[in-house]
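Peer 1: Build me a structure from this.
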Amino acid sequence: MAKEAFNPKEFFTTVEIIAHEMEIPADAIYEKISAALCTAVANKNSGLSSCIHCEIDPVLKDIRMYMVKEVIDDPVDDDEPDEDELDAAAEEAEQTEEDLKKARRIAQRDPTKLTVTEAQSYKPGAIAGDTVVIDIDMAAFGRQIAQKVKHVLRSGLKDAANDRALTVYQSKNQELVTGTVVDVNPVNHALTLRIGSGEVVMPENEQIRGERYGIGDRILVYIAVDDKERDGVRISRVLVSRTHPGLVKRLLEREIPEIADGTVEVKDIQRAAGIKTKVSVDSRDPEVDPVGACIGRDSTRVSAIVRELGGEQLEIVRFSQDPIEYVTEALKPAPVLTVVITDRAARSCRVTVPTDKLSLAIGKGGVNVSLAARLTKWKIDITSPAVNPELAKLDD
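Peer 2: Model prediction:
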């Protein structure tokens with residue numbers, strides 16, 4: 001079977017085309033290719049991975065592969081058989097103990113080293129301690145190795161593209177960007193979005209409930225890059241989301257000048273994406289009402305954000321250091337009759353609301369009281385005069 005050979009001219013032309021089309025630096029591609037070639041050769045030469053090198057010169061259109069081996073002294077035992085003799089001896093059923101010892105000694109020799117005698121054919125006059133450079137014949141690569149190189153190269157190009165895309169995403173970390181839907185998974189409903197020159201997947205749990213998209217749709221999303229270190233390796237994960245609280249925060253900054261300039265501070269945001277979001281705000285200027293600034297005249301400011309969130313309810317809560325006031329605000333739109341701190345250390349309280357407002361205070365599926373509890377960091381027990389007869393007079 002004919003062996004596949006490298007065509008340097010075609011090879012470098014292909015890399016230049018890929019680099020241009022994918023907007024990837026050619027050096028990054030050559031680096032991946034170099035690693036791929038070294039891996040392919042190492043797989044055919046056990047134990048030599050540390051001494052195999054590859055140099056790619058795009059100017060001279062040249063690829064050179066070589067091994068660098070250290071020269072060591074010749075073995076003392078002059079009767080040591082060569083490797084062919086050992087292979088033959090190993091196949092014989094009866095071996096002398098001396099043959100076995102010699103076989104073990106040869107097997108334990110470091111393949112990255114050459115004896116002085118072996119080194120002479122590559123570097124006349126070589127002595128122990130020298131290094132010898134041995135060129136690797138690229139034309140000697142068989143079909144199996146060539147296919148391995150192609151596989152690793154494809155993976156390398158994908159990694160290079162991902163690395164470049166990650167750089168773009170990191171520059172947009174915690175920001176709003178607009179992506180275009182290029183694919184919709186019919187099974188798990190994940191969306192593949194093109195953002196700039198890269199593509200990233202937005203899983204269904206990062207999409208607002210009830211929203212549906214088709215190929216070509218443009219979507220405003222929030223980008224969060226999570227950098228973690230595992231076993232000494234830094235791993236970056238790109239999250240693209242419509243449910244992240246950061247999306248609401250950036251929308252507030254975009255629509256409300258007082259938040260953008262720092263006059264009004266967003267203290268916390270808690271979301272039940274697609275249903276309701278509660279935002280806690282405070283003012284650094286006593287002359288500015290933080291809630292009124294966020295809502296705007298005729299609710300114009302908050303309405304613009306609600307539209308972008310697909311109709312999700314947005315409630316602005318006045319922050320307070322007083323837990324009773326803060327819990328009362330957080331439970332709106334339900335009116336609160338009393339707030340009793342039951343365990344300050346455990347941050348627990350019991351809240352009484354009018355009987356006819358009990359369902360409003362709790363919210364559908366408990367969403368209102370749940371968001372209020374998360375926002376205030378207090379455990380809230382909701383009750384009413386109808387539930388506790390001792391409180392009946394509060395309903396009057």
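Peer 1: Now the spatially most central residue of the chain. Nearest residue, chain neighbours left out?
Peer 2: With distances taken as Cα atoms, centre = their mean, residue 237 lies nearest the centre of the chain, 1.0 Å away. Beyond its immediate neighbours in the sequence, the residue positioned closest to residue 237 (Cβ to Cβ, 6 or more residues apart in numbering) is residue 226, lying 4.5 Å away. C-beta: built from backbone N, CA, C; applies to glycine.
Peer 1: quick one: the residue nearest to the centre of the chain from residue 208, how far?
Peer 2: Separation of residue 237 from residue 208 (Cβ to Cβ, to the nearest Å) stands at 21 Å.
Peer 1: Tell me if the residue nearest to the centre of the chain really is in a strand.
Peer 2: Yes. The assignment for residue 237 is a strand, going by DSSP: H, G, I helix; E, B strand; the rest coil.
Peer 1: Enumerate the positions of stretch 374-381 that are buried.
Peer 2: By neighbour count on 16 or more other Cβ atoms under 10 Å, the buried set for stretch 374-381 is 374, 375, 376, 378, 380.
Peer 1: give the contact list for the residue nearest to the fourth one when sequence neighbours are not counted.
Peer 2: In space, and not counting its chain neighbours, residue 378 is closest to residue 347: 4.8 Å by Cβ to Cβ, 6+ apart. If a contact means Cβ atoms under 8 Å, 6 or more residues apart in numbering, then residue 347 has 323, 377, 378, 379 as its contacts.
Peer 1: Residue 170 versus the last one, what's the distance?
Peer 2: When distances are taken as Cβ to Cβ, residue 379 and residue 170 turn out to be 38 Å apart.
Peer 1: got it, and the third one?
Peer 2: Residue 378 sits 37 Å away from residue 170, taking Cβ to Cβ as the criterion.
Peer 1: again, but for residue 112
Peer 2: When distance is defined by Cβ to Cβ, residue 112 is 39 Å away from residue 170.
Peer 1: Next: residue 318.
Peer 2: Separation of residue 318 from residue 170 (Cβ to Cβ) stands at 36 Å.
Peer 1: Just want to know which of those two has more residues nearby.
Peer 2: Between residue 318 and residue 170, residue 318 has the larger neighbour count (other Cβ atoms under 10 Å), namely 20 against 13.
Peer 1: Could you give the backbone dihedrals for the more buried one?
Peer 2: The main-chain torsion angles of residue 318 are listed as degrees, to the nearest 10 and equal phi -80, psi 120.
Peer 1: Residue 355 now?
Peer 2: According to degrees, to the nearest 10, residue 355 has phi -60, psi -40.
Peer 1: List the buried residues for stretch 351-368?
Peer 2: Along stretch 351-368, these residues count as buried under the neighbour rule (16+ other Cβ under 10 Å): 351, 352, 353, 354, 355, 357, 358, 360, 361, 362, 363, 368.
Peer 1: where's the closest residue to the third one other than its chain neighbours, which helix or strand?
Peer 2: Read it as residue 353. Using Cβ to Cβ, 6+ apart and skipping residues adjacent in sequence, the residue nearest residue 353 is residue 361, 4.4 Å away. Taking DSSP states H and E as the criterion, residue 361 maps to helix 358-362.
Peer 1: How about residue 194?
Peer 2: Remark: residue 194 resides in strand 191-195, with elements defined by DSSP H and E.
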